[in-house]
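In: Quick one: sequence plus predicted model below, questions after.
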Amino acid sequence: EILEQCSNDGFHAASLENYNNLSDKKSDTDNDDDTNHEDEENIITELVTYLHDSFGHPTRLDYGTGHESSFFVFLYSLCMIGCFGSTTDKEPPTPARLKAITLSITTQYLKVTRGLQTDYMLEPAGSHGVWGLDDYHCLPFYFGACQLMIDDEYKPSSIHDGGILEQLAETYMYFGCILYIKNLKKGVPFFESSPMLNDISHLPSWKKVSEGLLRLYEGEVLDKRQVVQHFMFGKIFKASWNPSHQPKVVPSQTFLNNEVGDIPGGVCCKAPWAVDGHGPKPSSVPQAPQPPNGGGVPPPTRAPWAK
């Protein structure tokens, strides 16, 4: 509905900004009937912020995994307040319900974001080009691989079968993502347009694929300051975790070598001219050879091919 209202605006930043403004008004209108309790208003403000950051940047005209992550933070927040079932320790949402919600909502989300990417020619935010998984998305591939783990009929190499992709693109999210890329980059060999996805297709099982994609998402998205710096943390999505990495400690001594007591660097690291109570006697220190010209200056080095 919102895309149709913006369809006549043409391609410029104001057009995408109009899309965001209309979606803002839609969200505000949907929440007009909520109670005026302060806690509920804060929750609504938090949810709206996540949702509005899920469709690309209206000024930079780009979209990337950070915007995608914001949308799934929005879904996570909805889950935490009980929209998808109880969130108590005794009765969490069932895996079957979460699976249905993830696949159905992500499918509709992809339709919207792909429409925005195409209509507004959004730049990939933080893309690695052909050396990345995809120009815009990451999590749909992970969810799709998890979906295929329960079906032994199809292997990761099945993505090279055009008939399977055409037939099952609507059923399996992973196949749908691959088919979309192939249709978008027609005429280009898949191993050239998407070398990482092509390499993934040689893995023996969907379990290996899903595990690798999860590590990829953690390393390339969640561990990147450029991405998480745009997250807003509130009462639902809290910044209450402990650092996952040990803080770096500045060493008190450099070149510490424990093989020789407490001598920094050890004997092997002592300069030939160093003399103190720790090192060897001056007579035992090997002396540098004297230059043949006797002038105290070593002769210039000559390359083997110099004449």
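Out: Looks like it came in fine. These numbers come from a predicted model, not from an experiment. Numbers count the residues shown, from 1 in each chain.
In: CA only for contacts and neighbour counts going forward, please
Out: Will do.
In: Please look at residue 217 and residue 139 and confirm they touch.
Out: Yes - between residue 217 and residue 139 there is a contact under C-alpha atoms under 8 Å: 7.4 Å.
In: Now stretch 176-189 - C-alpha only, CSV.
Out: The C-alpha trace of stretch 176-189 is given here as CSV (Å, rounded to 0.1, in the frame of the first residue of the first chain):
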residue,chain,number,x,y,z
GLY,A,176,14.1,-18.8,-3.4
CYS,A,177,17.1,-16.6,-2.4
ILE,A,178,19.3,-18.4,-4.9
LEU,A,179,16.7,-18.2,-7.7
TYR,A,180,16.3,-14.4,-7.1
ILE,A,181,20.1,-13.9,-7.4
LYS,A,182,20.3,-15.9,-10.6
ASN,A,183,17.4,-14.0,-12.1
LEU,A,184,18.9,-10.7,-11.0
LYS,A,185,22.3,-11.5,-12.5
LYS,A,186,21.3,-13.3,-15.7
GLY,A,187,24.0,-14.2,-18.1
VAL,A,188,26.7,-14.3,-15.5
PRO,A,189,28.0,-17.8,-14.4
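In: For residue 55, what is the enclosing helix or strand?
Out: Using DSSP states H and E, residue 55 falls within no helix or strand.
In: what sits against it?
Out: For residue 55, the contact set (C-alpha atoms under 8 Å, 6 or more residues apart in numbering) comprises 63, 67-68, 113, 116.
In: Counting only helices, which of those residues make the cut?
Out: If you go by DSSP state H, these have 67-68, 113, 116 in helices.
In: can you pick the most crowded of those residues?
Out: residue 67 (26 neighbours; other C-alpha atoms under 10 Å).
In: Identify the spatial nearest neighbour of residue 165, chain neighbours not counted.
Out: residue 175 (5.5 Å; C-alpha to C-alpha, 6 or more residues apart in numbering).
In: Show me what counts as buried in the helix or strand where that neighbour lies.
Out: Using DSSP H and E, the element containing residue 175 is helix 173-184. Neighbour-count burial for helix 173-184 flags 173-179, 181-182 (criterion: 16 or more other C-alpha atoms under 10 Å).
In: So which of the residues you listed is the closest to residue 164?
Out: For the buried residues of helix 173-184, the residue nearest residue 164 by C-alpha to C-alpha is residue 175; the value is 8.1 Å.
In: Local confidence estimate at that closest one?
Out: Here, the pLDDT recorded for residue 175 equals 97.
In: doesn't residue 162 make contact with it?
Out: No - assessed by C-alpha under 8 Å, residue 175 is found out of contact with residue 162, at 9.9 Å.
In: returning to what we had before: and which of the ones in helices among the contacts of residue 55 is nearest residue 84?
Out: residue 68 (19.8 Å).
In: if I've got this straight, residue 231 is in a helix?
Out: No - counting by DSSP: H, G, I helix; E, B strand; the rest coil, residue 231 is not part of a helix but coil.
In: Please give me every residue in contact with it.
Out: residue 70.
In: What of residue 146?
Out: 206-207, 210 are the contacts of residue 146 under C-alpha under 8 Å, 6+ apart.
In: Tell me the one of those nearest residue 54?
Out: residue 210 (23.4 Å).
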